[in-house]
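Participant: Sequence plus the predicted model coming up.
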Amino acid sequence: MLVAYFYRILTWESAVLQAFNSVIKVSSATQTEDVEEVDMGAVRLPCNADEEHACGSVGTESVPRKSTPCPLCLQRLVMREDCWLRTKSGVTALGRCQRQLSELMAMLAKVCTSIPPRRRTHEPLAVTPDKNAVSLATHLFAAYKVALEWQPKHCADPAVLLPYLNGWITTISGILFDERRIPYHLLLSAFYHSGCHNMYFSLIVRYISLEVHREHSMEVEQLLQAWLSLTERLVNADAFNHSRHRLAQDCEEAKRFPAQKYLTLAQQDALRQVNAIFALLMSSTKAGNANVAVCELTVSLYRQLIKGLIPSADPSNKTAVSADERNRLIAELDEASINFLVDMGFERDAVIEALFEYATVEEATEFLVANDRQQHALANDSRVDELEDVESAEMGEEKKEAEVGETEAEVKLDEAPPPPLSEVTPLDVNAILESTCTEVVPACMQMMELGVELVFNTSELLLAIVDDMNKEWRVNVLVKQYFVTDSDDVLVHSLSTRLHLSCLLWSAIANEYLVECAQCSLQCMLLSLLELTASMQPPPSHTFVKLIAPVCLWLDLYEKMLTMKCNKSKMEKVVESLTWKYWDTDERGGAFTWVNYRPASSHILTRAFYEGNAGANLSIAGKQYAVSFVTMSQRNVDSHVERPITVVARLKENVNTDEFFRPDDSIVEWNEVVRTRMVPVVISLMSVQGLDSNAIHALLILAARITRNAEVAAQMLREGGVQAVVNVAGTPLATRALLVALVVRHCLDDDTSLCQIFEKTIRTVAAGGYNLNPSSSRWHHRMPRTTREWLHAMRALAPLCARHPRLFMSTMERVARKQNGQISAVPVPPCESGPKLPPPSAPIRQVVQQLMGHVMDFSWDNNNRVVTRASLIRLIAELVKSYSAVATLVAESQHPSAHSALVTLLDKCIVPASDADSGDSPSSAAELLTSVKSLVISLASCNHSPKAQEALVTDLGIALRVALADLDSKIATVKIKALCDMIVLARDVCPAGGHEARATGSAHSQLNPILRLLVKKRICIELAKVPWHLNLSTKEGVDALNHVLKTLDELTRSIN
């Protein structure tokens, strides 16, 4: 084709221009004198910075400087006027013309792949190309084949030829696939039959070798990246098999191009070439000049090949029911239901399939009737298709003679056409797996030391083959390989990567890994490594700091897997069967109710749950659903509508539930190790200087994990773990507030506080406070927004049961009742005057005192702290809302000065940074003011603690007087305005008074507690005295006066 010919010329010229630009430094001349002819034999760079600056300065003739020897091919090019490099219009015209030709060829490819409309909606989407489209596509890729095999007459230098090939590969990649990376089967057929496929897969052998890579590493790496990216798309079995651009089965081109055969051929060719690339990369890795991006793409391509070759690597195939399990499920079906449907005239096999698909007889009957109608419709459509095929065959016979002449007149595209795809033999999967285990996996293990992304790609490759390998290989290669004895330097260098890979493979090798870890005590070895890092003097080096994050992550996953293994064994001893349900409308589209999954789906969910998977894929009534055990919901794959799910367990007869709550010996032993060794080392590492963000994040995650145990949390509190968490130095993290709050809550939780939280939550759910539809999900107009249904209540209370199972059961027996399928709460006993204060030795008192003491210490700033003062005050405000005794403890806290802690906070933390002599930025000062407001809101809304509300109002009055005594009038006005806002805010957020206040019959019985306290403490009188202390000659004083008057007006309106 003429277009492809011109495009090939422009692509070659662009590659030549790129090669020139890489070896010649040229700038435009600034004078009118003619530029002397450039010697192309050798050029050089300026030897120093002054010379380089002078070369481009005004008034100096800018001439090319000599840098490196020019390639031989460029020396033969005589460019007397240097037009390509010096003429901007020529370079612009070259790029514009090349871009327009590329768009023209892409448009021709789109013309070939236009999709005709479907005649019937139930027909699969397929393409039936005409003869002209096939001919155009074949001519187009024949031109591409010529461009790939073309070489100049003289010896082509790789510095020019490799970028030229890179440009053509990029062009082909944009044509073969749509914007979703879905392949066009028609273009793939032309790609193969034109010979472009064979030429493309021979590029690696023809142009890339160790010598070429050594001399032209950059060009080789760019070509490899383009080739690997396109090849990964070609061998993507999932996109290939589910392509919306596949050919219709009855068209001639589909018979000439069997899609599965071509996919097999592409996999075979890609395997041969990728093995050569692995050999090249291994040599580069040993030489120390391997490209990380090329390694990532190579491993990703091989992973895609394995996923397409091994059916078991597809998660959807793992959920299939085996023959034995199917027979067992058939035996569990109700024989009366089967006979009932058989008597209606349906076949027995169809009846069994329907009862497998649906849980009730009514739904199975509707499915059988609808399926029978669909089969009749398909039969009628097949008859229509047969008649249309006969008519098209007759018309084809009439045009056959006319087409023969046109076919003979066509220009032959290739004298030696490729062999037919029907001769392609299937791949030997066992041989490929053996080669992968012996050659590819060791190479990946060595290359993954180059970067983190290689660890992820290698783990995905291993997860794809791990289920098809025997247990011996998994133990010897994936587990024991990490227990070999290396030298200290090699171990420190590679241990981080090894632990990272093992964490990614936990789900596949958990059982074997736990056994080997128990035999060699790997967890104790890693704890010793952390102890060594914490005890280093001077502080540990960067290499040891990098080890903290993977070691902590490994220990966290180890405890999770150990706990999951023990819980699984307990469930198998106690639970007989699991029944899964989903929340949906009944068969008539009426009210929402819990619907049982069909037996096969329930079996799939049970097996996935026991295997520790995050979810499973199901097919219900012909629709695909994705079930998530994390959110306990199912999502329609097509409509994305989510519905909640639940599970009901049937216990075995005469089972003792106390066995479920009794910890295993392995858990008891591990908790002792955590309490005696891990807690001290975590506290020590948090005080180490120079920790990076990953290490701090991993330490906080590990601390939140281990403090879930009450004994470990008590040990953490006794050894100063709370102070270590809030004092850790480093860069603030995005999740610091959540992790620090978890650690603090775990340390202050005891049976008394947990019991109060559990009872409060249970009563809230029993009162109908559980929302069925979170804000992130789609709400169905017929679904109720809230419910007191028993199973929904159990879903909402599941986190409490996971936190402390035994305490949750005792609280439920004392507080909740089940009546008519709904949850209800027993009446609340008469409450006392206020919450009881915890004893001095209670964890909650110790934690609150430590937090308030740290907040009151103004000797530190936020510049080098992970937990800032603002985040710490917000944490205290959250604790005030969650724990009834915290409000009184905060109100009773005292500063070393004469004032209380609240007065100190209101005096020190409400002034913006621009108005105070502090190093905090304006944003941090605004954040600090917001956090103080949140604490005031929490204290003002504590109607259960009148003492805390009274202390808040008293401290607001004292803080107002302290602000008036400030010598700096500007800061005083800022404090007064902030305190006025807090007074109004406290009044607004305080709930209305209870029946005790209304029973007094006083004049202010209808006011909320804060308003009554404002009247009692004479806050309005204090505000009326403020104007006497203001400097009304300044703008700030006038603004403060207007603010005070507005506050007085608000308060008087509320009181009167």
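Facilitator: Arrived safely, thanks for sending.

Participant: For the stretch 801-950 of the chain, just list every one of the helices.
Facilitator: Taking DSSP state H, counting those that start in this stretch, the helices of the stretch 801-950 of the chain run over residues 805-815, 843-856, 869-882, 884-892, 901-908, 922-940, 946-964.

Participant: Select, out of these, the one closest to C97.
Facilitator: Across the helices of the stretch 801-950 of the chain, the minimum distance to C97, taken as CB to CB, is reached by helix 922-940, at 51.9 Å. C-betas here are computed from N, CA, C, even on glycine.

Participant: Show me what that closest one packs onto, helices and strands only.
Facilitator: Secondary structure elements in contact with helix 922-940, counted by 3 or more CB pairs under 8 Å, 6 or more residues apart in numbering; DSSP states H and E, are helix 869-882, helix 884-892, helix 901-908, helix 946-964, helix 969-989.

Participant: Most tightly packed of the ones you listed?
Facilitator: helix 884-892 (a mean of 24; mean count of other CB atoms under 10 Å).

Participant: Now do it: distance to the chain's middle.
Facilitator: Mean-position distance between helix 884-892 and its chain equals 39 Å (CA atoms, centre = their mean, to the nearest Å).

Participant: Show me the domain layout of this protein.
Facilitator: As given by the TED database, the domain ranges for the chain are 1-23+94-113+131-270, 324-374, 750-772+782-825, 892-914+922-992+1006-1055.

Participant: mean pLDDT for these: which is lowest?
Facilitator: Per-stretch averages of pLDDT across the domains of the chain put domain 324-374 at the bottom, with a mean of 72.

Participant: is it true that L529 touches I548?
Facilitator: No. Judged on CB atoms under 8 Å, L529 makes no contact with I548 at a distance of 9.2 Å.

Participant: More neighbours: these two, which one.
Facilitator: I548 (25 against 18; other CB atoms under 10 Å).

Participant: Might you report the residue contacts of that one?
Facilitator: Contact criterion CB atoms under 8 Å, 6 or more residues apart in numbering gives 530, 533, 685, 691, 694-695, 698-699 as the residues in contact with I548.

Participant: From these, pick the one nearest S209.
Facilitator: Closest approach to S209 among the contacts of I548 (CB to CB): N694, at 39.9 Å.

Participant: Setting aside sequence neighbours, what's the nearest residue to the closest one?
Facilitator: For N694, ignoring the flanking residues on the chain, the nearest one in space by CB to CB, 6 or more residues apart in numbering is A549 at 4.2 Å.

Participant: Is the one you found within a helix or a strand, and which one?
Facilitator: Assigning secondary structure by DSSP states H and E places A549 in helix 542-574.

Participant: List the buried residues for the following helix or strand past that helix?
Facilitator: Next in sequence after helix 542-574, counting helices and strands by DSSP H and E, comes strand 575-585. For strand 575-585, burial by neighbour count (16 or more other CB atoms under 10 Å) applies to 575, 578, 580-584.

Participant: L1007 against I1055, yeah?
Facilitator: Yes. If you go by CB under 8 Å, L1007 and I1055 touch, sitting 7.0 Å apart.

Participant: When the two are compared, which one has more neighbours?
Facilitator: Here L1007 and I1055 are set side by side on neighbour count (other CB under 10 Å), and the busier one is L1007, at 20 against 15.

Participant: Provide the secondary structure category for that one.
Facilitator: Applying DSSP: H, G, I helix; E, B strand; the rest coil to L1007 yields a three-state assignment of coil.

Participant: Next, E642: phi, psi?
Facilitator: The phi and psi torsions at E642 (degrees, to the nearest 10) take the values phi -100, psi 140.

Participant: circling back to that earlier point, mind listing the shared neighbours of L1007 and I1055?
Facilitator: With the criterion set as CB under 8 Å, 6+ apart, the overlap between the contacts of L1007 and I1055 is V1015.

Participant: Can you report how many residues lie near H216?
Facilitator: 21.

Participant: Just list the residues touching it, thanks.
Facilitator: Neighbours of H216 in contact, by CB under 8 Å, 6+ apart: 158-159, 162.

Participant: Can I take it that V630 is in a helix?
Facilitator: No. Using three-state DSSP, the assignment for V630 is coil, not a helix.

Participant: just to revisit the earlier point, let me know the closest of the buried residues of strand 575-585 to L1051.
Facilitator: Nearest to L1051 among those: W583, at 49.1 Å, using CB to CB.

Participant: Can you tell me the element the closest residue in space to T735 that isn't next to it in sequence falls in?
Facilitator: Closest residue in space to T735, ignoring its immediate chain neighbours: H697 at 7.1 Å, by CB to CB, 6+ apart. In this structure, H697 is located in helix 693-706 according to DSSP H and E.

Participant: From the chain's centroid, how far away is the next helix or strand after that helix?
Facilitator: Stepping forward along the backbone from helix 693-706, the first helix or strand reached (DSSP H and E) is helix 710-718. Going by CA atoms, centre = their mean, the spacing between the C-alpha centre of helix 710-718 and its chain's C-alpha centre is 32 Å.

Participant: Show me which positions of helix 710-718 end up buried.
Facilitator: The neighbour-count criterion (16+ other CB under 10 Å) identifies 710, 712-717 as the buried residues of helix 710-718.

Participant: just the CA coordinates of that helix, formatted as PDB?
Facilitator: Taking Å, rounded to 0.1, in the frame of the first residue of the first chain, the C-alpha atoms of helix 710-718 are listed here in PDB:
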ATOM      1  CA  ALA A 710      -6.400  -8.100  77.000                       C
ATOM      2  CA  GLU A 711      -3.300  -9.400  78.700                       C
ATOM      3  CA  VAL A 712      -1.000  -8.000  75.900                       C
ATOM      4  CA  ALA A 713      -2.800  -4.600  76.100                       C
ATOM      5  CA  ALA A 714      -2.300  -4.500  79.900                       C
ATOM      6  CA  GLN A 715       1.400  -5.300  79.400                       C
ATOM      7  CA  MET A 716       1.600  -2.600  76.800                       C
ATOM      8  CA  LEU A 717       0.100   0.000  79.100                       C
ATOM      9  CA  ARG A 718       2.300  -1.000  82.100                       C
END
